[in-house]
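In: need a structure here:
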Amino acid sequence: MNKRSVSISSLIILMSLLSFIFEVCLYYFIQEHVVTVLAAIVISLAFTHYFLEKTMDYDSCFLQASFVTICSAAFVVVIYLLQPNPWMIYDYWALVLVLINWLVPFVYCFLRDFCDHGPRYGGYLFFFYGMSVVFAVLYALIFIKQQFITPLLPPYEAMKFGAHNFVPFMATGHYFESVLGSGGDSFGMILYIIEMVAFGIPYGFYARAFTREFPLLLRILIYLCGPFLVEVVQAVTGIGRGDIDDFAFGMVGLVIGVGIFRLVDYASVYANKRDFLEDRAVVKNLLFHL
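Out: The predicted structure is shown next:
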């Protein structure tokens, strides 16, 4: 590693650390945490653009984005473990802050790579896979917390073992029928469904991305095994709610995730004549020999 690379890496770490400290200060001093999130979006965009243009390489973007994401995730874990306290209040905006610090550079770099029709910037595949690993770790931690430590539960009492355990959406349909009949509020159930579906979207996207070369039947088996194993573990341990409806909601999210991957892939093939996860240098050589 030459002196210039060391200097740039040091600059990236220093500026990332300063941006993280600034976000923490905003979170502490401003009660409206949406302001912190908006500021994080602007800072993340500015830094990602600056480092990409300065180095002409996505490695610098990965270093900046991963550093801030990991620091903000550690910050969220600390304030969560210290609850309750009068100084730092944990709420879902803290999780949004972590997501923003990961998502904004990820989307920005994807769009830049998608719109770059020549190998002007290097290292995108390293950036994609590196950011995917960072996300996988965060996703696993949040998933374990929300499914097994403080499990998500629907807004109705557990039913006795019966047909609803095997017929998809039977329990959910019965709940909505009873709520509509009594004039109650179904917002809690709708929010629960959205959360369960949302957990399945990243699994579907990355399961499709990392099994691109697998046979179709094997891919389908992998799609089914993830949500199924979660429900089996919950049913056996008694933690959370092992239920056919949760499996179905997870599968809906999985289908959405797979659909997002397919749309992105089709768009890349149509616009750039390549899979968006293919190395540009390899594609260029193939076209040259053709």
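
In: please make it C-alpha for all contacts and neighbour counts, starting now.
Out: Will do.

In: how about low-confidence regions in the stretch 1-150 of the chain?
Out: Applying pLDDT under 70 to the stretch 1-150 of the chain picks out residues 1-5, 117-119.

In: now do the helices in it.
Out: Along the stretch 1-150 of the chain, counting by DSSP state H, counting those that start in this stretch, helices occupy 3-29, 33-55, 58-81, 92-115, 124-144.

In: give me whichever of the ones you listed is most buried.
Out: Across the helices of the stretch 1-150 of the chain, averaging neighbours per residue (mean count of other CA atoms under 10 Å) puts helix 58-81 on top, at a mean of 20.

In: what's that helix in contact with?
Out: Here helix 58-81 makes contact (CA atoms under 8 Å, 6 or more residues apart in numbering) with 9, 12-13, 16-17, 19-20, 44, 47-48, 51-52, 88-90, 94-95, 97-99, 101-102, 105, 109, 121-124, 126-127, 130-131, 134, 138.

In: ramachandran angles for Y156?
Out: When read as degrees, to the nearest 10, the backbone of Y156 gives phi -150, psi 160.

In: returning to what we had before: could the helices of the stretch 1-150 of the chain go into TSV alongside distance to Y270?
Out: Shown next, in TSV, are these (distance: least, CA to CA, whole Å):
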stretch	distance to Y270
helix 3-29	35
helix 33-55	25
helix 58-81	23
helix 92-115	11
helix 124-144	19
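
In: ok, which of these comes nearest Y206?
Out: When those are compared by CA to CA, helix 124-144 sits nearest Y206, at 8.3 Å.

In: for that closest one, the distance to its chain's centre please.
Out: When distances are taken as CA atoms, centre = their mean, to the nearest Å, helix 124-144 is centred 8 Å away from the chain's centroid.

In: by how many degrees do it and helix 58-81 diverge?
Out: Relative orientation of helix 124-144 versus helix 58-81 (axes from the mean of the first three to the mean of the last three CA atoms, to 10 degrees): 10 degrees.

In: show residues contacting helix 124-144.
Out: 57-59, 61-62, 66, 70, 73, 102, 106, 109, 113, 199, 277-279.

In: show me which pair in these is furthest apart.
Out: Taking CA to CA, the two most distant members of the contacts of helix 124-144 are D57 and F199; they sit 31.7 Å apart.

In: can I get whichever helix or strand A198 is part of in PDB? Just the C-alpha atoms.
Out: For A198, the element it lies in under DSSP states H and E is helix 187-210. C-alpha atoms of helix 187-210 as PDB (Å, rounded to 0.1, in the frame of the first residue of the first chain):
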ATOM      1  CA  PHE A 187     -53.900  -1.000  12.400                       C
ATOM      2  CA  GLY A 188     -51.900  -3.100  14.800                       C
ATOM      3  CA  MET A 189     -52.400  -6.200  12.600                       C
ATOM      4  CA  ILE A 190     -51.600  -4.400   9.400                       C
ATOM      5  CA  LEU A 191     -48.400  -3.100  11.000                       C
ATOM      6  CA  TYR A 192     -47.500  -6.600  12.100                       C
ATOM      7  CA  ILE A 193     -48.100  -8.000   8.500                       C
ATOM      8  CA  ILE A 194     -45.900  -5.300   7.000                       C
ATOM      9  CA  GLU A 195     -43.100  -6.100   9.500                       C
ATOM     10  CA  MET A 196     -43.300  -9.800   8.800                       C
ATOM     11  CA  VAL A 197     -43.300  -9.200   5.000                       C
ATOM     12  CA  ALA A 198     -40.400  -6.800   5.300                       C
ATOM     13  CA  PHE A 199     -38.200  -9.400   7.000                       C
ATOM     14  CA  GLY A 200     -38.600 -11.600   4.000                       C
ATOM     15  CA  ILE A 201     -37.600  -9.100   1.300                       C
ATOM     16  CA  PRO A 202     -33.900  -9.000   2.000                       C
ATOM     17  CA  TYR A 203     -33.800 -12.800   2.300                       C
ATOM     18  CA  GLY A 204     -35.500 -13.200  -1.100                       C
ATOM     19  CA  PHE A 205     -33.200 -10.700  -2.800                       C
ATOM     20  CA  TYR A 206     -29.900 -12.100  -1.500                       C
ATOM     21  CA  ALA A 207     -31.100 -15.700  -1.800                       C
ATOM     22  CA  ARG A 208     -31.700 -15.000  -5.500                       C
ATOM     23  CA  ALA A 209     -28.400 -13.100  -5.900                       C
ATOM     24  CA  PHE A 210     -26.200 -15.700  -4.400                       C
END
